[in-house]
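Trainee: Fold the following and give me the result.
(chains A and B, ligands or ions: 2)
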Amino acid sequence: MATKPASPQAARIFARAVRDQRRSLPAWAAATAALGALYASFYPQLADGAMADMMADFPGPLRDAFRLDDLSSAAGYLGSSIFGLLLPLLMVVYAIATGTRAIAGDEEDGLLDVPLAHPVARTRLLGQRFAALATGTAVIAATVFLAMLAVRGAAELESVSVAEFAAQCLNLALLGCCFGALAVGLGGALGRRTPVLAGTAAVAVVTYVFDRFSGQLGADWLRHLSPFHHYLGGEPLRTGFQWADAGILLGASLVPLAAGAARFANRDLGT
Amino acid sequence: MDTVIELDRLTKNYGRRRGLSGLTLDIHRGEVFGFLGPNGAGKSTTIRLLLDLIRPTEGTARVLGLDPHADAVRLHRRVGYLPGDFVVPGRWTAGECLEYLTSLRGGVSRARLTALAGRLDLDLGARIRSLSKGNRQKVGIVQAFAHEPELLILDEPTSGLDPLVQQTFLRMVTEARAAGQTVFMSSHIMSEVERVADRVGIIREGRLVTLDTVAALREHAVRRVRLTFDRPVPAEGFAHLPGVVDASTQGTTLHCRVEGSPDALLKAAARHTVTDLLSEEPDLEELFFTYYEGAENGHEAGLTPGR
Ligand SMILES: Nc1ncnc2c1ncn2[C@@H]1O[C@H](COP(=O)(O)OP(=O)(O)OP(=O)(O)O)[C@@H](O)[C@H]1O
Ligand SMILES: [Mg+2]
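Mentor: Residues are numbered from 1 along each chain as shown, chains lettered A, B, ... in the order given. Ligands and ions are numbered 1, 2, ... in the order given. Sure, this is the predicted structure:
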């Protein structure tokens, strides 16, 4: 009776989720990359030591926390405010917003009943929406990478190699995946926007603080629990690809995703 | 007979709230089944259980011989579903929405989508958010019918539709049955259901209170009768006949309502000279109200509340 034997193309949900970001994602990626490049291009003015002199007045613990000790090198400068604060912040905001919307937001808006009454397993929907989010983090990180390459010469950042920029941008994407996966997974488990948003944002803030202040707290081991440590702590801008850290970030993405998917597959869908 | 939906003591509690209490019901292949009940009766709960959107607290459901949870994907391939509240992203156009949803099933020809949309007078280029409630409902109807599923599960399909589109929709249901499809549709309105349904179930507070064929319901339904005689007749002669209620006379005219067979009334009337006889279609709506109101309100059978 059916017009065609039903063989739903495997990646429809993914393709749709990517298309649904076709306006917001390029805008976010461009803004993130432009801000990053703008700050990066201030490096020549600050490299002469004026900035470092100013920072010398900062209390020691704060200098440690925000990596302000080596602002005169390109890697030090980029690692403190740009890759240390601005870019991860924008990336994590994207990931949490997109991840929350992927399941919890749509479910609360009643948007999941229709696709899930189609031949689409719940775990597939969750997985493909996460894949679209991961694609988004890759697009943002790639745009940042290209922007950095564009200003690298003019901003006298040549001491950081192209591969080192690539390594840092890969970690940036994986950092986004981590928090995006947490939001998607929590959404799968809870199905409501507010607790997912609040929970994921709280984890982001707390783990950022762990990374920055665990030394001062006398609990250095705390730092290793933080995605931010695995993102920046290995100093990819000086040492290139840190595969162990990248692997840990990837693993930290898959755990909440799998747990959330398992719960999502077996609970009532909210109305 | 081939059973398409098989519910056995299906029960759903939402925390401590009752959603559905022990519904046992069989739907046969090829029939149109009308599922009626007042707000909060448990119609949408039943339907969402059939589609594995929610899980039963107790009891079992089998749909097309499959387990709604374990075989969800296989089952959904063969079912068309219209939710009570059809929500899709407002930024999509109607056409984009339909193409996406049908692509999840492997695709439906563009010609079929355009034909269905044309029939319902739906503009495929319009953005969902710019559509009125009724026009949005049409998108939902098209996506449910598009792949000509074996089983259509429709939750209040006519809500928001204007009378003309309602007619078209009811014709589509009739055609679906002619093509061998089974239709399970919920509604608040008996009159629309009785026109297309073979059987009707009435549910109230999570329990099935009536299950019968439309023909049988009609037999037991109340009909208004007006008899005119050549001279005044006493109302008492008719008031206590079996099945006759609310008999009153006005000059030579007798008004009354008859439940079930009008035989006793006609035999009593035959003792006089009848100059005119008017019998209205049995009103199932009134029967429906009897069940709606339920015994607990102490309403007399057939007493119609204001509509
Ligand atoms: N998610 C939910 N949480 C708590 N209670 C619910 C939920 N969904 C439904 N209910 C309750 O279950 C009962 C049945 O609701 P249901 O939506 O099935 O009714 P319905 O027959 O579809 O009503 P309507 O005609 O208004 O659509 C109601 O009392 C309702 O309050
Ligand atoms: Mg309902």
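Trainee: Next, count neighbours for B:V32.
Mentor: Other residues lying near B:V32 total 24 when counted by other CB atoms under 10 Å in any protein chain shown. From N, CA and C alone the C-beta is placed, and that goes for glycine too.
Trainee: can you check B:S279 too?
Mentor: 14.
Trainee: Buried residues of stretch A:85-93, list them for me.
Mentor: A:85-88, A:90-93 (16 or more other CB atoms under 10 Å in any protein chain shown).
Trainee: could you dump it to PDB, C-alpha only?
Mentor: C-alpha atoms of stretch A:85-93 as PDB (Å, rounded to 0.1, in the frame of the first residue of the first chain):
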ATOM      1  CA  LEU A  85      38.600  33.000  28.300                       C
ATOM      2  CA  LEU A  86      37.000  34.700  25.300                       C
ATOM      3  CA  LEU A  87      36.900  31.800  22.800                       C
ATOM      4  CA  PRO A  88      36.000  29.000  25.200                       C
ATOM      5  CA  LEU A  89      33.300  31.200  26.700                       C
ATOM      6  CA  LEU A  90      31.700  31.800  23.300                       C
ATOM      7  CA  MET A  91      32.100  28.100  22.300                       C
ATOM      8  CA  VAL A  92      30.600  26.800  25.600                       C
ATOM      9  CA  VAL A  93      27.700  29.300  25.300                       C
END
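Trainee: distance between stretch B:177-196 and the chain's centre?
Mentor: Between the centre of stretch B:177-196 and the centre of its chain there are 6 Å (CA atoms, centre = their mean, to the nearest Å).
Trainee: quick one: terminal-to-terminal distance for that stretch?
Mentor: Using CA to CA, to the nearest Å, one end of stretch B:177-196 lies 9 Å from the other.
Trainee: Can you point out the buried residues in it?
Mentor: B:177, B:181-188, B:190, B:192-194, B:196.
Trainee: Checking it against ligand 2, do any of its residues make contact.
Mentor: No. Shown here: stretch B:177-196 not in contact with ligand 2 (CB under 5 Å from the ion), separated by at least 6.6 Å.
Trainee: and the closest residue to B:D162 other than its chain neighbours, what is it in contact with?
Mentor: Nearest in space to B:D162, with sequence neighbours left out and distances taken as CB to CB, 6 or more residues apart in numbering or on different chains, is B:G134 at 6.2 Å. The contact partners of B:G134, by CB atoms under 8 Å, 6 or more residues apart in numbering or on different chains, come to B:160-162, B:165.
Trainee: Kindly write the PyMOL command that selects the buried subset of these.
Mentor: Buried residues within the contacts of B:G134, by 16+ other CB under 10 Å, are selected in PyMOL with:
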select buried, chain B and resi 160+161+165
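Trainee: What is the nearest of the contacts of B:G134 to A:E107?
Mentor: Set against A:E107, the nearest of these by CB to CB is B:G160 (23.3 Å).
Trainee: close enough to count as contact, that closest one and B:K133?
Mentor: Yes. Under the criterion of CB atoms under 8 Å, B:G160 is in contact with B:K133, at a separation of 4.3 Å.
Trainee: still on that earlier bit, quick check: next helix or strand after the host helix or strand of the residue nearest to B:D162?
Mentor: When elements are assigned from DSSP states H and E, B:G134 belongs to helix B:133-145. Per DSSP H and E, helix B:133-145 leads on to strand B:151-154 as the next helix or strand towards the C-terminus.
Trainee: Just the CA trace of that next one, in CSV.
Mentor: Provided in CSV are the C-alpha atoms of strand B:151-154 (Å, rounded to 0.1, in the frame of the first residue of the first chain):
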residue,chain,number,x,y,z
LEU,B,151,-3.5,2.4,10.2
LEU,B,152,-4.4,6.0,10.8
ILE,B,153,-4.4,7.2,14.4
LEU,B,154,-6.0,10.7,14.5
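Trainee: Point out the other helices and strands that the very next helix or strand once past it packs with.
Mentor: Going down the chain from strand B:151-154, the next helix or strand is helix B:163-178, by DSSP H and E. Contacting helix B:163-178 under the criterion 3 or more CB pairs under 8 Å, 6 or more residues apart in numbering or on different chains; DSSP states H and E are the following elements: strand B:32-36, helix B:110-120, helix B:133-145, strand B:182-187, helix B:190-196.
Trainee: Distance from helix B:163-178 to the middle of the chain?
Mentor: That offset, for helix B:163-178, works out to 13 Å (CA atoms, centre = their mean).
Trainee: Contact partners for the one residue in the stretch 101-250 of chain A that gets nearest to ligand 1?
Mentor: Scanning the stretch 101-250 of chain A for proximity to ligand 1 using CB to the nearest ligand atom identifies A:G191 as nearest, at 10.7 Å. Residues counted as contacts of A:G191 (CB under 8 Å, 6+ apart) are A:103-104, A:107-108, A:267, A:269-270.
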